[in-house]
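1. what follows is a predicted structure for the sequence shown.
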Amino acid sequence: MSVSEKSPHLLRAKDIEGMKATFSHPWNPKSQIIGARLGPEVGLKRTGVNIATVPPGKESFVYHSQYRDEEWIYVLSGRGIAEIDGKEYEVKAGDFMGFPTPGVAHHLRNEREDDLVYLMGGENHEIEIADFPKLGKRMLRLGEKVEVYDISDAKGFGPMEKK
């Protein structure tokens with residue numbers, strides 16, 4: 001049997017390097033991630049898998065929690081500070097974090113002089129709700145459509161509403 005070089009289900013390291021781009025969250029001026037979405041490139045639709053690098057002095061996105069999509073992070077190299085459910089933890093290569101739903105808020109920042117590199121991923125439901133507790137905001141995603149509103153603007157509705 002001969003060994004093939006190409007497959008739609010295989011990403012080579014050199015291809016992953018070429019896919020990397022810089023992202024940031026508009027609500028966090030310290031947010032900077034250099035990375036790539038790996039899952040869609042090999043045909044994954046229900047599971048997200050990404051590689052990410054947070055440079056020194058930068059942060060991941062913004063402190064948030066999800067209602068439907070569980071997430072995880074596995075640190076490949078470097079050290080960082082993980083804020084998980086209101087507490088801070090130093091994390092390093094080999095550490096694994098899991099964020100079940102609903103509502104385990106989390107965020108990463110890199111206060112060191114070396115890059116913080118990690119794999120992250122999770123579910124990818126068609127409908128997702130995420131809270132940004134420090135900002136008082138809620139995001140609703142329906143497929144590709146995203147809406148954000150202030151949680152304080154939410155109004156109860158229906159017979160289950162407490163009076």
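-> Thanks, I have the structure now. Quick caveat, the model's predicted, so the values are computed rather than measured.

2. next up, the contacts around residue 61.
-> By C-beta atoms under 8 Å, 6 or more residues apart in numbering, residue 61 lies in contact with 25, 28, 31, 33, 107. In this view, the C-beta of every residue, glycine as well, is placed from N, C-alpha and C.

3. swap the cut-off to 7 Å and go again
-> For residue 61, the contacting residues are 25, 28, 31, by C-beta atoms under 7 Å, 6 or more residues apart in numbering.

4. equivalent analysis for residue 127, please.
-> Counting by C-beta under 7 Å, 6+ apart, residue 127 has contacts 68, 141-142.

5. how about the helices in the chain?
-> 13-19 (DSSP state H).

6. output the below-cut-off pLDDT ranges for the chain.
-> Applying pLDDT under 70 to the chain picks out residues 1, 161-163.

7. returning to that earlier point: which of the contacts of residue 127 count as buried?
-> Buried by 16 or more other C-beta atoms under 10 Å: 68, 141, out of these.

8. rewinding a little: want to throw the contacts of residue 61 into JSON lines with neighbour count and distance to residue 15?
-> Below are the contacts of residue 61 laid out as JSON lines (neighbours: other C-beta atoms under 10 Å; distance: C-beta to C-beta, whole Å):
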{"residue": "25", "neighbour count": "17", "distance to residue 15": "26"}
{"residue": "28", "neighbour count": "19", "distance to residue 15": "29"}
{"residue": "31", "neighbour count": "18", "distance to residue 15": "26"}
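
9. many thanks, we can stop here.
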